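*Asks:* fold the following.
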Amino acid sequence: MTSYLNAMSLEAYLVTAFAVVLTGISKSGFAGGLGILGVPLVALTMSPQEAAVLLLPILIGIDILSVWRYRNAWQGRMIVALLPGALVGISLGMVSFTGINPDILRIAIGLMALGFVANYVLLNLRPTATEAKINWASVFIASALSGFAGFVAHAGGPPIKGTLLRMQLDKTAFVGTNAFFFFTLNMAKGVGYAALGLFSTDGLLASASLVPFLFLGVGLGFALHDRISQTTFVRLVYVLLGIAGLNLLYIGFASL
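*Replies:* Presented below is the predicted three-dimensional model:
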């Protein structure tokens, strides 16, 4: 792959740093949403595949900090429900990493994200103390799509966000469960990337140079999470989910 440190201009580095801060805030404070903009932003300066490989160590770093911060909040039964489908999706992503049309995938995920938002708006859903029953079939499909889209474009967030939102978890359990799931998912993706020979010493050094921006984004995300009420949090996550869906549709259709 391209030598990142030699090829990245100051402008490209600043764009990537901004994407890392945005992703850190979004993932650590609100379980993602705007973080899905990371690869598209970085892909303005390099290929989408290179952007995905460059950002993966950063995503794992964010996940580690988030798992530790919310270590007493994640829901084990949801993780058990999500992982089988995700592993199937990752396996399919490995097979088709260089052949899949990422724009078709972005459009499909964008439509799913907007479907979750429309359901929330039309039914006027509100968080309650009663936890929703898990529909195992829909969870498997959503997690498989998440694993597949996450492997090829780090775009696996919307299916999981929509699924967890429908479980009506409190905000900390929501972020904690999301963090633990994506930590596991991203570690598995790392094994897959390594098996495909996508990592390089230069690329890992470029990722390491972005660590200060990782800490900045995560610190801001934690602070914002603690200051926002449950109702505001749920509404904000749906807004972020809607923005992510619209962004995916825009990128997908514009690139076809």
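*Asks:* buried residues in stretch 55-70, which are they?
*Replies:* Neighbour-count burial for stretch 55-70 flags 55-63, 65-67, 69-70 (criterion: 16 or more other CB atoms under 10 Å). C-betas here are computed from N, CA, C, even on glycine.
*Asks:* state the mean pLDDT of it.
*Replies:* Across stretch 55-70, pLDDT averages out at 93.
*Asks:* residues contacting it, please?
*Replies:* Stretch 55-70 has contacts (CB atoms under 8 Å, 6 or more residues apart in numbering) with 19-20, 23-24, 27-28, 38-39, 42, 74, 154, 172, 175-176, 179-180, 182-183, 186-187, 189-190, 193, 204, 207-208, 210-211, 214, 217-218, 222.
*Asks:* what residues sit buried inside stretch 214-229?
*Replies:* The neighbour-count check on stretch 214-229 (16+ other CB under 10 Å) flags Leu214, Gly217, Val218, Gly219, Leu220, Gly221, Phe222, Leu224, His225, Ile228 as buried.
*Asks:* pull out the buried members of the contacts of stretch 55-70.
*Replies:* By 16+ other CB under 10 Å, those give 19-20, 23-24, 27-28, 38-39, 42, 74, 154, 172, 175-176, 179-180, 182-183, 186, 189-190, 193, 207, 210, 214, 217-218, 222 as buried.
*Asks:* where along the chain do the helices fall?
*Replies:* If DSSP state H is used as the criterion, the helices of the chain fall at 4-7, 10-30, 38-42, 48-69, 76-96, 102-123, 136-153, 157-166, 171-195, 201-208, 211-227, 230-255.
*Asks:* most tightly surrounded among these?
*Replies:* helix 157-166 (a mean of 25; mean count of other CB atoms under 10 Å).
*Asks:* if we can go back for a sec, pick out the shakiest of the helices of the chain, pLDDT-wise.
*Replies:* For these, the weakest mean pLDDT is recorded on helix 4-7, namely a mean of 55.
*Asks:* pretty sure Ala155 is touching Arg106, no?
*Replies:* Yes - using CB atoms under 8 Å, Ala155 is in contact with Arg106, at 6.3 Å.
*Asks:* shared neighbours of those two, anything?
*Replies:* In contact with both Ala155 and Arg106: Leu248, using CB under 8 Å, 6+ apart.
*Asks:* before we move on, back to that, save the buried residues of stretch 55-70 as a markdown table, and put in distance to Phe140 too.
*Replies:* Output for the buried residues of stretch 55-70, formatted as a markdown table (distance: CB to CB, whole Å):
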| residue | distance to Phe140 |
| --- | --- |
| Leu55 | 27 |
| Leu56 | 24 |
| Pro57 | 28 |
| Ile58 | 28 |
| Leu59 | 23 |
| Ile60 | 24 |
| Gly61 | 29 |
| Ile62 | 26 |
| Asp63 | 22 |
| Leu65 | 29 |
| Ser66 | 24 |
| Val67 | 23 |
| Arg69 | 28 |
| Tyr70 | 24 |
